[in-house]
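Engineer: Let's see this in three dimensions:
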Amino acid sequence: MRSICFYFQVHQPYRLRPYRFFDIGQDHHYYNDFENSHILRRVAQKSYLPMNELLLKLIKKYGKAFNVSFSLSGSVMEQFETYTPEVLESFKKLAATGNVEFLGETYAHSLSSLKSRDEFKTQVELHSNKIKELFGQTPVSFRNTELIYSDEIGEMVHDMGYKTMLTEGAKHVLGWKSPNYIYCNSRNPKLKVLLKNFTLSDDIAFRFSDHGWPEWPLTTDKFVSWLNDIDEKEEVVNLFMDYETFGEHQWKETGIFDFMGALPGKILDGSNFTFATPSELGKKL
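Structural biologist: Residues are numbered from 1 along each chain as shown. Alright, predicted model coming up:
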């Protein structure tokens, strides 16, 4: 059986307030609390809450046959605690099912991996502790900010105890090779590497509501037919995307929730693909 790996990135930055010359030395509060609250509550209502509810229903319907993975930045988890605790509770309900894997990353969704090994390690440990505190999981799979990867970064990630890492299926790196296999880090082959199938991921994340796209409208039948066209030798299709795809980037009116609600059943009934999390793939492939 071949696998589908769903991974969703959840991040909201802290927005900065206007900071004037005369604030220097007088006011050290740099954040726009109103904007942070307003934006998070809006996205929660349009995206996080309805999508979490949908995933919970799918897990209850299909049991262990359906699973997903998330990467929640420390920044967004802090804002959930402050502004939308109901969203945090909905993620805890998903965690309690045992069908959801939470990945490690940098706490602040930062570029520290490109600059300082020590700062990178500090942020990753801080994030891992936060995931453990909120969801009772210690991450064993890792995604770096915006899927940034190099073999040097991968080696650092493995040294911190991670077994599997996610990154882009970058065409200029892969060349003729397919993203639909599990790869390994060349410096330390013990680190497994999952590559995003950017074509199929972006069909959902970016092109779903594009009426100018020749394949519009995207239906579950059409999407599963594309999966079935993939060479039988290829072992995993990694669908990586921002969680805000559902309800924020692609509004409810586009039918994105209906599509996602029907997709798992269509895959399970109409293909030889099953669902797996990154850590499961790292063990079995």
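
Engineer: make it CA atoms for all contacts and neighbour counts henceforth
Structural biologist: Fine.

Engineer: and Pro50, what element?
Structural biologist: Using DSSP states H and E, Pro50 sits in helix 49-62.

Engineer: what are the pairing partners of whichever helix or strand comes after that helix, and which direction each?
Structural biologist: Going down the chain from helix 49-62, the next helix or strand is strand 68-72, by DSSP H and E. Paired neighbours of strand 68-72 in the sheet (DSSP bridges): strand 2-10 (parallel), strand 100-102 (parallel).

Engineer: Not counting its own residues, what contacts the longest one?
Structural biologist: With C-alpha atoms under 8 Å, 6 or more residues apart in numbering as the test, strand 2-10 has contacts from 67-73, 76, 234-244, 272-278.

Engineer: right, and the strands paired with strand 68-72 - which one's nearest Ser150?
Structural biologist: strand 2-10 (19.6 Å; C-alpha to C-alpha).

Engineer: what packs against the helix or strand that comes right after the closest one?
Structural biologist: Once the chain leaves strand 2-10, the next helix or strand it forms, by DSSP H and E, is helix 33-43. Applying 3 or more C-alpha pairs under 8 Å, 6 or more residues apart in numbering; DSSP states H and E, we find helix 33-43 packed against helix 74-83.

Engineer: The helix or strand following the helix it packs on to helix 49-62, inter-axis angle?
Structural biologist: Under the assignment DSSP H and E, the closest C-terminal helix or strand after helix 74-83 is helix 85-96. Calculated by axes from the mean of the first three to the mean of the last three C-alpha atoms, to 10 degrees, helix 85-96 forms an angle of 20 degrees with helix 49-62.

Engineer: For helix 85-96, what is the distance to the chain centroid?
Structural biologist: Using C-alpha atoms, centre = their mean, to the nearest Å, the mean C-alpha position of helix 85-96 is found 16 Å from that of the whole chain.

Engineer: residues of that helix that come out buried?
Structural biologist: In terms of neighbour count (16 or more other C-alpha atoms under 10 Å), helix 85-96 has its buried residues at Val87, Leu88, Glu89, Ser90, Phe91, Lys93, Leu94, Ala95.

Engineer: Can you name every helix or strand that it contacts?
Structural biologist: helix 49-62, helix 74-83, helix 117-135.

Engineer: right, and the ones you listed - which one's nearest Ala108?
Structural biologist: Nearest of the helices and strands packed on helix 85-96 (C-alpha to C-alpha): helix 74-83, 5.6 Å.

Engineer: Show me what the mean pLDDT comes to for the closest one.
Structural biologist: Confidence over helix 74-83 (mean pLDDT, whole number) is 98.

Engineer: In space, what's closest to Asp202 - neighbours in sequence excluded?
Structural biologist: Met241 (7.7 Å; C-alpha to C-alpha, 6 or more residues apart in numbering).

Engineer: Quick one: work out the angle between the helix or strand where that neighbour lies and strand 68-72.
Structural biologist: For Met241, the host element (DSSP H and E) is strand 236-242. Relative orientation of strand 236-242 and strand 68-72, computed by the same axes, to 10 degrees: 40 degrees.

Engineer: related to what we said a few turns ago, for Lys283, find the nearest of the helices and strands packed on helix 85-96.
Structural biologist: Per C-alpha to C-alpha, nearest to Lys283 of the helices and strands packed on helix 85-96: helix 117-135, 20.5 Å.

Engineer: related to what we said a few turns ago, list the buried residues for the helix holding Pro50?
Structural biologist: Quick answer for helix 49-62 (16+ other C-alpha under 10 Å): Leu49, Pro50, Met51, Asn52, Leu54, Leu55, Leu56, Leu58, Ile59.

Engineer: can you tell me which residues contact the third one?
Structural biologist: Contacts of Met51 were listed using C-alpha under 8 Å, 6+ apart, and they are Phe246, Gly247, Phe257.

Engineer: quick one on the thing from earlier: of the strands paired with strand 68-72, which is nearest Arg207?
Structural biologist: Proximity to Arg207, assessed across these by C-alpha to C-alpha, is greatest for strand 2-10 (17.0 Å).

Engineer: In PDB, list the C-alpha atoms belonging to that closest one.
Structural biologist: Extracted C-alpha coordinates of strand 2-10, given in PDB (Å, rounded to 0.1, in the frame of the first residue of the first chain):
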ATOM      1  CA  ARG A   2       1.200   3.500  -0.800                       C
ATOM      2  CA  SER A   3       0.700   6.500   1.500                       C
ATOM      3  CA  ILE A   4      -0.700  10.000   1.600                       C
ATOM      4  CA  CYS A   5       0.900  12.300   4.200                       C
ATOM      5  CA  PHE A   6      -1.100  15.400   5.100                       C
ATOM      6  CA  TYR A   7       0.800  18.100   6.900                       C
ATOM      7  CA  PHE A   8      -0.600  21.500   7.800                       C
ATOM      8  CA  GLN A   9       1.400  24.500   8.900                       C
ATOM      9  CA  VAL A  10      -0.200  26.900  11.500                       C
END
